[in-house]
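*Asks:* quick one, fold the following:
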Amino acid sequence: QLVESGGGLVHTGGSLTLSCAASKLTYHEISWFRQAPGKEREGVSCISSRDRSTWYADSVKGRFTMTRDNANKTVVYLQMNNLQPDDTAVYYCGLGVVQSSSWYIAPIYDYWGQGTQVTVSS
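*Replies:* Residues are numbered from 1 along each chain as shown. Here you go, the predicted model:
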């Protein structure tokens with residue numbers, strides 16, 4: 001139901017844009033998560049389908065921007081600027097009914113994409 005794309009290898013300070021396409025949008029929110037080797041899945045950002053409100057992890061605020069395609073509401077993007085080696089991870093999009101106070105909690109999501117690798121070299 002969810003397909004991510006756009007990952008790759010960049011140098012520190014570089015940029016990438018990830019895309020996530022949902023086959024349907026039954027639920028309200030789509031979020032981006034990431035998981036580095038040996039670490040738990042971490043919430044990165046979330047966008048509400050109701051009013052396009054966005055929420056971000058403190059670690060990416062000011063560097064990452066999540067948007068929704070104006071023509072196709074089932075497609076979202078994650079623009080990542082000033083990438084750092086700590087941003088290296090597999091990035092996943094998740095689909096679920098979440099609230100602004102809980103969007104970053106991975107187990108409450110119902111669907112996940114296959115993930116796309118982002119590697120930032122120092």
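
*Asks:* count the residues that sit near the residue nearest to Ser48 when sequence neighbours are not counted.
*Replies:* The shortest distance from Ser48 to any residue other than its chain neighbours is 5.7 Å, reached at Glu29 (Cβ to Cβ, 6 or more residues apart in numbering). Heads up, the C-betas are built off the backbone N, CA and C, glycines and all. Number of residues near Glu29 (other Cβ atoms under 10 Å) recorded here: 22.

*Asks:* so how far is Gln84 from Glu29?
*Replies:* The span separating Glu29 from Gln84 equals 26 Å under the rule Cβ to Cβ, to the nearest Å.

*Asks:* contact partners for Arg52?
*Replies:* For Arg52, the set of contacting residues under the criterion of Cβ atoms under 8 Å, 6 or more residues apart in numbering consists of Arg68.

*Asks:* what secondary structure does it sit in?
*Replies:* In terms of secondary structure, Arg52 is coil; the call rests on DSSP: H, G, I helix; E, B strand; the rest coil.

*Asks:* just the pLDDT at Thr12, thanks.
*Replies:* The predicted local distance difference test score for Thr12 is 98.

*Asks:* repeat that for the one 5 residues further on.
*Replies:* For Thr17, the model assigns a pLDDT of 98.

*Asks:* now the helix or strand hosting it, how far from the centre of its chain.
*Replies:* Assigned by DSSP states H and E, Thr17 falls within strand 16-22. Here the centre of strand 16-22 is set off from its chain's centre by 8 Å, with Cα atoms, centre = their mean, to the nearest Å.

*Asks:* and the nearest residue to Ser59 once chain neighbours are set aside, how close does it get to Lys24?
*Replies:* Counting by Cβ to Cβ, 6+ apart, the nearest residue to Ser59 once its immediate chain neighbours are dropped is Asp86, at 7.5 Å. Distance check for Asp86 against Lys24: by Cβ to Cβ, it reads 34 Å.
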